[in-house]
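# what follows is a predicted structure for the sequence shown.
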Amino acid sequence: MVSHVPEQRLLDVLEGRGGADRAHVDACAQCQARLAEAQAGLALAVGADVPEPSPLYWESLRRQVSRRVDEEGERRPAFWRRISLGPALAAAAVLAAIVIFLPVAGRQPRPERPLPAWSALPPAEEDEGLDVLRAVAPAVADASVPGVCGGVAECVVDLSDEESQVLADHLRREIGQGMDL
Amino acid sequence: MPSTPAALAASDESAPELVPPRRHEDDRDAVAACQGGERQAFDRLVEKYQRDVYRLCYRYVNNHQDANDMAQEVFLKAYRALDRFRGDSSFSTWLYRIAVNTCLNFRASRKPEAAELPESLADKAQGALERLERDERSRLVREAVTRLPEKQRATLILKIYHDLTHEEVAGILGSTVGTVKANLFHALGNLRKMLAAEARQ
């Protein structure tokens, strides 16, 4: 009875390894057929791309995740969780004593620090996308001025369903005219 | 993405890590910063991995809307669990494990759908027959992948589309390298059989 090459070792042959098994495969029609089927499957699988979303989508996804993380509430710094309870209570007692005995008169409220602003998008006034949008759909671009929202990416990302529909209609009309569709 | 058998093999022998060492260090720094309360460090991790996570999710559900929902869910779960991440594996491997589990739970609770991301206006305008054929072939293969048995599908997606080593796939799926190889071999054969059967119909 002929013993054939098991699947995991046939995969080694498929990947260009498994020298000893290669000799068996070369001489065995059944193993050759199994290997050929897997090779054909690999060729098919490798060519199947995922449709690429709009470039604006990645910024949109990042923002959606960020918003949902913010909704989770402020994270407590892990530092505080790592401090054992005893020293923490002692430190709290010392702090309380300092606060109680310190004069409170004449204290001025500290100004709030602005939240750090971070964005991968260019400032609205430098956003070339607005010019492109203005050329394609002037009516939409007129509403995309700085102050109403940021650059074109921010405008498009933040659109409501209805606004998205309006933009889509404008673009469809404008592109249709431009291409004689 | 390894596109040839030789590349598949090379990804195991010469690149045992999912990402180059420097990227691992970057991840470790970002994770440590996040665990220390620096909120923006997590944004950096999201920005770095959102494409990989989205594409992994898309391979499971084969439509944009669900892939988007699941990608958000993956990052939210990662954020909630980040305090418990101790660096026993790389951050990317840990994140993939969360993503695969999220995908499996999602599929268990929903019927698979085959809706596609709508074609863009530009694509319609181009309308080249060759492109349509390629897109159609891709669509058929993606749909066939979603019909593979769970372990075979997860193995094929992680190995072929995310360039992971057999060892990393085994770590993510809680399996052995031998099982991963066998599952991948079966997955490729089954994929070929399913598509051949469809072509005959």
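Arrived safely, thanks for sending.
# run through the chain and note the low-pLDDT ranges.
Defaulting to chain A. A:1-2, A:73-167, A:169-170, A:173-181 (pLDDT under 70).
# I was thinking of chain B, sorry if that wasn't clear
Ranges of chain B meeting pLDDT under 70: B:1-25, B:107-128.
# which residue is nearest the middle of it?
B:Leu56 (2.7 Å; Cα atoms, centre = their mean).
# what separation do you get for that one and A:Ala36?
29 Å (Cβ to Cβ, to the nearest Å). All C-beta atoms are positioned from the backbone trio N, CA, C, and that covers glycine.
# one more: B:Leu148?
Taking Cβ to Cβ, one finds B:Leu148 at 19 Å from A:Ala36.
# name the residue in the two with the higher neighbour count.
Taking other Cβ atoms under 10 Å in any protein chain shown, B:Leu148 and A:Ala36 do not tie; B:Leu148 has more neighbours (20 against 14).
# ok so the more buried one is a strand residue?
No. Applying DSSP: H, G, I helix; E, B strand; the rest coil, one finds B:Leu148 to be coil, outside a strand.
# chain neighbours aside, what residue packs nearest to it?
B:Ala187 (5.5 Å; Cβ to Cβ, 6 or more residues apart in numbering or on different chains).
# contacts only, for that neighbour.
A:Gly41, B:Leu148, B:Gln152, B:Arg153, B:Thr155, B:Leu156 (Cβ atoms under 8 Å, 6 or more residues apart in numbering or on different chains).
# so where does the residue nearest to the last one when sequence neighbours are not counted fall, helix or strand?
Once flanking residues are discounted, B:Leu156 sits nearest to B:Ala187: 4.1 Å by Cβ to Cβ, 6+ apart. Remark: B:Ala187 resides in helix B:177-200, with elements defined by DSSP states H and E.
# so for that helix, what gets flagged as buried?
B:177, B:179-192, B:194-195 (16 or more other Cβ atoms under 10 Å in any protein chain shown).
# now that helix, how far from the chain's geometric center?
Centre-to-centre, helix B:177-200 and its host chain are 17 Å apart (Cα atoms, centre = their mean, to the nearest Å).
# what does stretch B:194-201 give?
The chain centre lies 25 Å from the centre of stretch B:194-201; the measure is Cα atoms, centre = their mean.
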